[in-house]
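Chemist: just a sequence and a predicted model for now, questions to come.
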Amino acid sequence: MSDEDRHHKIAQAAHIIQGARHLVAFTGAGISTDSGIPDFRSDSSGLWKRTDIDPLEVASLFGFRQNPGAFYKWVKPLATTILEAKPNDAHHSLAQLEVRGTLKAVITQNIDMLHTRAGNSTIFELHGHMRQTTCIRCYAVFDGVPILEQFLQDGLVPHCQHCGGVLKPNVILFGEQLPVRELRDAQDATKKCDVMLVIGSSLEVAPANQLPIVAKRNHAKLVIINLEETHLDHMADVVIHARAAQVLPQILAHLQDV
Ligand code: NAD
């Protein structure tokens, strides 16, 4: 993309956002790579490019129940970076858009809690989060962060202090249903939106990836900001293939002038 092309697309995106009455953002792992958290599918750094581990096995509910130790070993580097990560300029830009009154909701596939840390208040975390953990035997719920910190220190699979069952972070594993209320609220926000801003998602994971399609069918405008092509690029009104932490502040800077 030439500088001129990029500048033009940023101006177009700003124009669309400026005209939005109900802007909703839909984010994926790519918005957090500039906070040091690797995504799943990027060619260079994606977590799935590791050939020694099959995430469909260790990060599935079945796999977790069979061998929680393998899950915890796999999730350890991700949990370490998530606990240390800070929101980047893309997260901060979305928080500013909420303060301006433009952005009504963030629908995220991320488990890293960075939208909350950036200051957004209406967030639907479709794939869960790490702030809580649940016993898979008695379903008691605990604060997730101290339990993860303890695990990162001693490397021991955490167990429930009430019944001794294994504790599972409240992240949605393969084979698990999405949280019903979050999904319903995200669907409602999608139906209401007149502009959806898709940021840093390969749009490969169902059913979350249906939401931009639903928005478009309801005549919302679609703006996609992603490093690589996605299979919904052809549907979008503006597509910007660039880093979200660079592009979003540029769009915001434009908004002041529009
Ligand atoms: P994905 O890994 O499938 O795709 C990420 C996309 O973001 C890629 O297409 C990549 O080109 C793009 N990208 C990478 N860096 C970018 C940047 N700086 N700016 C713009 N685009 C960038 O991610 P997904 O679509 O969210 O789906 C994967 C699943 O992975 C989700 O279910 C999510 O729960 C989980 N996940 C979450 C985190 C997190 O919470 N940060 C991290 C890894 C995986």
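Modeler: Nice, I can see it.
Chemist: alpha carbons only for contacts and neighbour counts from here, please
Modeler: OK.
Chemist: neighbouring strands of the host helix or strand of Thr134 in the sheet, and parallel or not?
Modeler: Element membership of Thr134, judged by DSSP states H and E, is strand 128-135. Strand 128-135 pairs in its sheet with strand 141-143 (antiparallel), strand 167-171 (antiparallel), by DSSP bridges.
Chemist: what separates the shortest one from the chain centre, distance-wise?
Modeler: Offset of strand 141-143 from its chain centre (CA atoms, centre = their mean, to the nearest Å): 22 Å.
Chemist: any idea which helix or strand comes after it?
Modeler: helix 144-154.
Chemist: what does the longest one give?
Modeler: Beyond strand 167-171 on the C-terminal side, the first helix or strand identified by DSSP H and E is helix 180-192.
Chemist: quick one on the thing from earlier: just name the most buried of the strands paired with strand 128-135.
Modeler: Most buried of the strands paired with strand 128-135 by mean neighbour count (mean count of other CA atoms under 10 Å) is strand 167-171; its value is a mean of 24.
Chemist: residues making contact with that strand?
Modeler: Residues outside strand 167-171 that contact it (CA atoms under 8 Å, 6 or more residues apart in numbering): 111, 127-136, 144, 157-160.
Chemist: residues near Glu57, how many?
Modeler: 17 (other CA atoms under 10 Å).
Chemist: tell me which element the residue lying closest to it once chain neighbours are set aside falls in.
Modeler: Closest residue to Glu57 apart from its sequence neighbours, by CA to CA, 6 or more residues apart in numbering: Gly63 at 5.4 Å. Per DSSP H and E, Gly63 falls inside helix 61-66.
Chemist: appreciated, that's everything.
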